[in-house]
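Engineer: Structure, please.
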Amino acid sequence: MKPLLLFAVLACVSWRSLPQDSSKTQGDTINLNIGNGDIQVPIISDSILEYESFQKSIAVSKKNNNPKKLARAYIDLATWHENHTVLDSSIAYLNKAITVYKKQGLDKELAETYLLLKANYGSTAAYEKASEAVYKALDLYEKMDDQQGIARCYTSIGDLFYYSNRYTEGAEYCKKAIAIQEKYGYEKDLALSYRRLAENQLFLSSLEESLKNMNKAIQTYKKVGETGTPLLACYNGRGNIYKYLEEYDKAIANYNLCYEGAKKMGLEQYTMPPTANIGHVFLLQGKYAEALPYNLKAIEIMKRTGNTKNLWENYMHVSNIYRQLGDYKNALEYHELYERGHADYLTSITSRIESELHVKYGTAQNRIEIENQKIKIENQKRTQILYVSLAVLLAIILFGMYFTMKNIRKKRKALSLLNAELDTKNKQNELLLKEIHHRVKNNLEMVKSLIALQSAQLTDKASKEAMLASQNRVQSMGIIHQKLYQGTNLGSIEMKDYFINLSEGVLDTFNAEDKVKIECAMEELNLDVDTAVPIGLIVNELLTNALKYAFPEGTQGKINISLKKENNDLQLKVSDNGIGKTESSTPKGTGFGTQLIQLLTQQLNGTLSEEHKKGTTVFFNFKNYKTA
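Structural biologist: Residues are numbered from 1 along each chain as shown. Coordinates of the predicted model:
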């Protein structure tokens with residue numbers, strides 16, 4: 001908004017809410033006490049003039065006893081507070097407008113205000129209250145048979161399902177809204193429904209469909225001349241889709257469109273999502289130093305504006321970044337913040353579902369009355385049809401056959417829909433299982449980091465070596481879970497690729513990449529996770545032992561790993577060309593690794609043998625194993 005001249009403001013407006021401070025000059029800011037909060041605004045701005053205008057409108061409406069204008073002024077003032085991110089005050093003024101509309105019996109205006117209230121509650125992650133507001137609006141619109149309002153409520157419900165991770169239900173409500181809006185030509189509302197549908201499809205493994213619908217939303221907004229925050233939200237949403245399609249340059253380009261547009265309009269709260277998302281893109285690319293300032297900035301904006309519904313997710317990203325940068329202290333601190341925030345998020349989802357059920361129950365009596373009236377009318381129509389049909393016996397028979405076939409088709413259609421729903425549920429379960437493996441892997445990484453922190457404080461060589469061995473064992477299990485959530489088969493591990501990753505990790509731990517080469521001479525072999533974990537731990541122990549003792553004083557060497565099925569048995573062979581050992585050799589280390597290998601071999605009903613010619617070779621023959 002353009003600034004006004006100070007002398008013009010002082011000459012034309014009575015500033016009862018502004019302190020009389022002659023030291024203030026153009027461009028300075030003041031703290032303005034408004035409703036439930038304080039904000040800083042420029043001392044000379046159209047924004048303050050708007051605020052004063054709305055306050056005067058309230059006073060005049062009360063004096064003239066004009067309830068409709070009074071409620072409108074409350075809503076204007078609520079919107080002003082929302083734009084200045086004082087959401088508590090915005091909610092308070094909307095509730096005042098609702099009180100007025102209820103007394104006057106203005107159902108349409110009341111329903112519209114409930115939808116505005118839902119948006120404010122949603123921005124503060126108060127999903128329970130948001131759900132209550134949207135279902136109250138839906139009940140009013142259904143009583144009025146207002147199709148545009150009903151469709152808007154469906155879109156809002158789809159949005160609520162999105163934030164409670166119920167994406168299938170969210171997408172279905174958005175499709176119901178789109179069907180109404182396309183039928184009646186509500187294009188501006190249609191754009192929002194396409195956007196909400198795309199956001200739900202993003203998490204239903206439907207990335208191409210999601211991108212198609214988000215582009216429809218953008219095209220529709222441009223068609224109706226919308227250039228404000230709804231269009232910016234679409235750019236941010238399209239950036240998210242490109243991010244998960246791993247088209248990172250397109251993702252960042254869309255985030256920048258959102259950021260620059262919000263900055264140009266002076267809406268700081270809308271700069272937060274693209275800022276956080278650019279940081280996430282850099283994190284996914286492994287550019288941790290570049291990602292960190294974006295995610296920290298996003299957290300700072302969230303705290304300042306009160307829009308904290310995704311705060312826990314950014315805590316998680318910052319914890320992961322610090323861990324990758326080796327700053328384990330800050331990694332642990334932000335991980336604890338993430339755990340607390342995520343627990344609160346899950347609690348809010350539960351409360352929202354409970355509120356939804358409560359509101360549905362509270363409005364059920366009104367809906368039952370409407371439905372009974374519809375049934376009564378339908379029964380009258382069917383009675384008339386029956387009387388006519390009784391005149392001709394053949395017509396009755398044909399009528400019965402018609403409805404029989406119709407019911408059969410209906411049941412087939414219901415069965416088809418059920419199969420589609422089961423397929424969607426299976427996909428959701430796969431995503432959930434992948435998320436579980438991903439979190440297990442992250443937690444194992446955190447355990448590994450904590451062991452590293454502890455070992456850094458030790459001076460005893462034997463203790464440090466024991467800590468290092470523990471790190472490697474945790475790492476071997478972490479790789480298993482990483483492969484599970486990255487693969488297509490959630491119950492199996494491809495062992496050759498797993499051994500390659502495990503070898504790289506162990507070599508990196510001992511800083512031996514240039515000294516020792518590890519080769520996996522084997523075909524691709526998929527094993528059940530219950531078999532892969534003990535075999536991975538056995539190979540980890542053998543690799544660690546070889547790197548510690550087989551190649552002394554910087555000598556070069558080679559280690560070979562092979563795993564194959566032979567005569568219904570699983571055969572593992574690990575060999576090196578190191579110094580080997582003789583019968584008179586004194587055992588080295590604590591012996592824990594040897595005990596662990598023996599226990600894991602017994603677990604798989606296996607046998608173990610060794611050979612010490614030109615190095616050391618260890619053979620295993622397992623009978624208790626599962627392939628996938």
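Engineer: buried sites along stretch 493-508?
Structural biologist: Along stretch 493-508, these residues count as buried under the neighbour rule (16 or more other C-beta atoms under 10 Å): 493-496, 498-499, 502-503, 505-507. Every residue, glycine included, has its C-beta placed from N, CA and C.
Engineer: who's in contact with that stretch?
Structural biologist: 472, 475-476, 479-480, 482-484, 487, 513, 516, 518, 520, 522-529, 532, 535-536, 539-540, 543-544, 547, 559, 561, 563, 628 (C-beta atoms under 8 Å, 6 or more residues apart in numbering).
Engineer: Ok, stretch 260-269 next?
Structural biologist: With contact meaning C-beta under 8 Å, 6+ apart, stretch 260-269 is reached by 1, 83, 85, 228-229, 231-232, 235, 270-271, 274, 301, 304-305, 307.
Engineer: Which parts of the stretch 401-550 of the chain are helices?
Structural biologist: 461-486, 495-509, 529-549 (DSSP state H, counting those that start in this stretch).
Engineer: The shortest one relative to helix 461-486, how many degrees between them?
Structural biologist: Counting by axes from the mean of the first three to the mean of the last three C-alpha atoms, to 10 degrees, helix 495-509 points 150 degrees away from the direction of helix 461-486.
Engineer: Could you export stretch 544-561 as CSV, CA atoms only?
Structural biologist: Provided in CSV are the C-alpha atoms of stretch 544-561 (Å, rounded to 0.1, in the frame of the first residue of the first chain):
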residue,chain,number,x,y,z
THR,A,544,35.8,-55.1,10.5
ASN,A,545,38.1,-57.9,11.7
ALA,A,546,39.9,-58.1,8.4
LEU,A,547,40.5,-54.3,8.2
LYS,A,548,41.8,-54.3,11.8
TYR,A,549,44.2,-57.3,11.6
ALA,A,550,44.7,-58.7,8.1
PHE,A,551,46.5,-55.7,6.5
PRO,A,552,49.0,-54.3,8.9
GLU,A,553,51.1,-51.1,8.5
GLY,A,554,49.3,-49.8,5.4
THR,A,555,49.6,-52.9,3.2
GLN,A,556,47.3,-53.2,0.2
GLY,A,557,44.7,-55.9,0.1
LYS,A,558,41.5,-57.4,-1.3
ILE,A,559,38.4,-58.9,0.4
ASN,A,560,35.9,-61.0,-1.5
ILE,A,561,32.2,-61.6,-0.5
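Engineer: Now do it, average pLDDT.
Structural biologist: The average of the pLDDT scores along stretch 544-561 is 87.
Engineer: now that stretch: how far from the chain's centre is it?
Structural biologist: 45 Å (C-alpha atoms, centre = their mean, to the nearest Å).
Engineer: Please apply the same query to stretch 64-79.
Structural biologist: The mean C-alpha position of stretch 64-79 is separated from the chain mean by 38 Å, C-alpha atoms, centre = their mean.
Engineer: likewise stretch 76-91?
Structural biologist: Counting by C-alpha atoms, centre = their mean, stretch 76-91 comes out at 27 Å from the chain centroid.
Engineer: try stretch 249-257
Structural biologist: The chain centroid and the centroid of stretch 249-257 are separated by 19 Å under C-alpha atoms, centre = their mean.
Engineer: got the buried residues for it?
Structural biologist: In stretch 249-257, counting by 16+ other C-beta under 10 Å, buried: 251-252, 254-255, 257.
Engineer: and if you look at stretch 208-222?
Structural biologist: Applying 16+ other C-beta under 10 Å to stretch 208-222 flags 209-211, 213-214, 216-218, 220-221 as buried.
Engineer: Send me it as PDB with only the CA atoms.
Structural biologist: The C-alpha atoms that make up stretch 208-222 are tabulated as PDB, following Å, rounded to 0.1, in the frame of the first residue of the first chain:
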ATOM      1  CA  GLU A 208       1.100 -37.100 -12.600                       C
ATOM      2  CA  GLU A 209      -2.600 -36.700 -11.700                       C
ATOM      3  CA  SER A 210      -1.600 -34.200  -9.000                       C
ATOM      4  CA  LEU A 211       0.400 -32.100 -11.400                       C
ATOM      5  CA  LYS A 212      -2.400 -32.100 -14.000                       C
ATOM      6  CA  ASN A 213      -4.900 -30.800 -11.500                       C
ATOM      7  CA  MET A 214      -2.600 -28.200 -10.000                       C
ATOM      8  CA  ASN A 215      -2.000 -26.900 -13.500                       C
ATOM      9  CA  LYS A 216      -5.800 -26.800 -14.000                       C
ATOM     10  CA  ALA A 217      -6.000 -24.700 -10.800                       C
ATOM     11  CA  ILE A 218      -3.400 -22.200 -12.000                       C
ATOM     12  CA  GLN A 219      -5.000 -21.900 -15.500                       C
ATOM     13  CA  THR A 220      -8.500 -21.300 -13.900                       C
ATOM     14  CA  TYR A 221      -7.200 -18.700 -11.500                       C
ATOM     15  CA  LYS A 222      -5.500 -16.800 -14.400                       C
END
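Engineer: Okay, angle between the helix or strand hosting residue 594 and helix 461-486 too, please.
Structural biologist: In this assignment (DSSP states H and E), residue 594 forms part of helix 592-603. Helix 592-603 and helix 461-486 are oriented at 40 degrees to each other (the same axes, to 10 degrees).
Engineer: Show me what the next helix or strand after helix 592-603 is packed against.
Structural biologist: Per DSSP H and E, helix 592-603 leads on to strand 606-611 as the next helix or strand towards the C-terminus. For strand 606-611, the packing partners by 3 or more C-beta pairs under 8 Å, 6 or more residues apart in numbering; DSSP states H and E come out as helix 592-603, strand 616-622.
Engineer: strand partners of strand 606-611, parallel vs antiparallel please.
Structural biologist: strand 616-622 (antiparallel) (DSSP bridges).
Engineer: what's in contact with the partner strand?
Structural biologist: 531, 535, 538, 542, 546, 550, 569-576, 578, 580-581, 601, 604-611.
Engineer: again, but for stretch 188-195
Structural biologist: 148, 151-152, 154-155, 158, 174, 177-178, 181-182, 213-214, 216-218, 220-221, 224, 226, 230, 233-234, 237.
Engineer: cutoff 6 Å now
Structural biologist: 152, 155, 174, 177-178, 181, 213, 216-217, 220-221, 224, 234 (C-beta atoms under 6 Å, 6 or more residues apart in numbering).
Engineer: Of the residues you listed, which belong to helices?
Structural biologist: Judged by DSSP state H, helices contain the following of those: 152, 155, 174, 177-178, 181, 213, 216-217, 220-221, 234.
Engineer: Look up which residues are beta-bridged to residue 565.
Structural biologist: residue 570.
Engineer: low-confidence ranges in the stretch 201-350 of the chain?
Structural biologist: Within the stretch 201-350 of the chain, the ranges that satisfy pLDDT under 70 run 345-350.
Engineer: Strands along that one, start to end?
Structural biologist: Taking DSSP state E, counting those that start in this stretch to define them, one finds no strands in the stretch 201-350 of the chain.
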